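Novice: Build me a model:
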Amino acid sequence: MTVLLPQTLPQVVVERMLNGALEGVVLAALVWGLLKTVGRRTSSTRFAVWFVVLLTIGALPWMGSLRWGAAAISTDSSKSAILIPASWALGMFYVWAAVALVSLGRVGLGFWQIRSLRRGSSPFDSASVDPALLEVLTVSCKRPISSFETSLLAAIR
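Specialist: Numbers count the residues shown, from 1 in each chain. Down below sits the predicted model:
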């Protein structure tokens, strides 16, 4: 079992991500070609296919050293196509971590804004809406629609 030192973990992660990038591009191109030859599919089918491809691309760098029953991650980089110095890997790892943290912060802010919009909203009076629009909505939507209005939206415009 190999023990990863804090200095080697970023190097292993960055090297595997770089080496798995080419495999991911090839996989995405193959799936894209397959979807084009199969023809038009529903959006839910396309979403499911691309979601599985995304998960597979994320797992590709780790599949080479996966050992069932062992929690070891091999640090043997002799099979890697791309080798980078440890200092570069550490810098790239920190940049990736900072960008991921900022992105997660933006997602959290978006959820907070949606929550505040929902809290400040009240049910919408459908009597003021054009009856033709209501008919189109009821025919085109399979689920019931709840309409709400908020005064916070007027401040955004």
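
Novice: so what's the residue nearest the centre of the chain up against?
Specialist: For the chain, the residue nearest the mean C-alpha position is residue 54 (7.9 Å; C-alpha atoms, centre = their mean). With contact set as C-beta atoms under 8 Å, 6 or more residues apart in numbering, residue 54 has no partners. (C-beta placed from N, C-alpha, C; glycine too.)

Novice: Tell me which helix or strand it sits in.
Specialist: Assessed by DSSP states H and E, residue 54 sits inside helix 43-63.

Novice: Now do stretch 43-54: distance to the chain's middle.
Specialist: Distance, stretch centre to chain centre, for stretch 43-54: 12 Å (C-alpha atoms, centre = their mean, to the nearest Å).

Novice: Kindly report the same for stretch 127-139.
Specialist: Distance of stretch 127-139 from its chain centroid, counting by C-alpha atoms, centre = their mean, is 36 Å.

Novice: Equivalent analysis for stretch 18-35, please.
Specialist: Mean-position distance between stretch 18-35 and its chain equals 16 Å (C-alpha atoms, centre = their mean).

Novice: Report the buried residues of that stretch.
Specialist: For stretch 18-35, the neighbour count (16 or more other C-beta atoms under 10 Å) marks 18, 19, 20, 24, 35 as buried.

Novice: what is the rounded mean pLDDT of that stretch?
Specialist: Average pLDDT, stretch 18-35: 88.

Novice: could I get the buried residues of stretch 18-35 as TSV with secondary structure and distance to residue 147?
Specialist: Shown next, in TSV, are those (DSSP: H, G, I helix; E, B strand; the rest coil; distance: C-beta to C-beta, whole Å):
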residue	secondary structure	distance to residue 147
18	helix	49
19	helix	51
20	helix	46
24	helix	42
35	helix	36
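
Novice: Please identify which pair of the residues you listed lies farthest apart.
Specialist: Greatest spatial distance in the buried residues of stretch 18-35: 18 and 35, 26.7 Å, computed using C-beta to C-beta.
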